[in-house]
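Chemist: Have a look at this fold, sequence not included:
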């Protein structure tokens with residue numbers, strides 16, 4: 001889990017581990033502290049020995065750990081537009097420039113994940129954004145530049161509140 005805090009996704013991933021390790025990475029020290037507390041409080045003691053909490057820059061994982069991981073989750077930092085509806089403070093922070101900057105970081109994280117994933121491994125990319133800049137555009141850029149390394153394999157999902165996009169789904 002390259003961007004693991006606050007830890008809910010990591011707990012779900014931990015439930016599926018029978019053997020192996022779960023690396024929960026979070027670059028922010030404050031968020032990493034929250035992540036540690038969540039794992040400590042909610043993960044069964046027997047499962048905690050499989051969890052390793054790291055504080056590395058996820059953008060560098062591909063260089064530090066090439067061809068290392070079987071499965072990688074990149075739930076990338078994003079603009080999270082749903083917060084704009086409920087908070088004037090968040091609305092004031094929003095800008096197209098910020099969204100485009102975030103999409104560059106998301107692409108970098110995804111490329112890093114691609115390099116650190118073993119051949120034949122799996123990567124899940126997600127955001128809490130509805131912006132095409134941070135979703136389909138990131139995937140399209142990856143496919144254009146790294147198509148020889150990527151196979152896009154999406155499950156078929158047809159449920160109310162889920163919209164199919166060019167390269168994925170938006171859960172509304």
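Modeler: The structure has been received and is ready for your questions. On a predicted model such as this, the values are computed, not experimentally measured, just so you know.
Chemist: Looking at the protein, which helix is longest?
Modeler: As assigned by DSSP state H, the longest helix anywhere in the chain is helix 96-116.
Chemist: how big is the angle separating the next helix or strand after it from helix 96-116?
Modeler: Downstream of helix 96-116, the first helix or strand assigned by DSSP states H and E is strand 117-126. Here strand 117-126 points in a direction 150 degrees away from that of helix 96-116 (axes from the mean of the first three to the mean of the last three CA atoms, to 10 degrees).
Chemist: Report all helices and strands that strand 117-126 contacts.
Modeler: strand 69-75, helix 96-116 (3 or more CB pairs under 8 Å, 6 or more residues apart in numbering; DSSP states H and E). Every residue, glycine included, has its C-beta placed from N, CA and C.
Chemist: List the strands paired with the shortest one, with their directions.
Modeler: Strand pairing for strand 69-75, using DSSP bridges, gives strand 117-126 (parallel).
Chemist: so how far is the very next helix or strand once past the strand it pairs with from its chain's centroid?
Modeler: Using DSSP H and E, the helix or strand that follows strand 117-126 in sequence is helix 136-146. Computed by CA atoms, centre = their mean, to the nearest Å, the chain-centroid distance of helix 136-146 equals 16 Å.
Chemist: Okay, buried residues for helix 136-146 please.
Modeler: Buried positions in helix 136-146, judged by neighbour count with 16 or more other CB atoms under 10 Å: 137, 138, 139, 141, 142.
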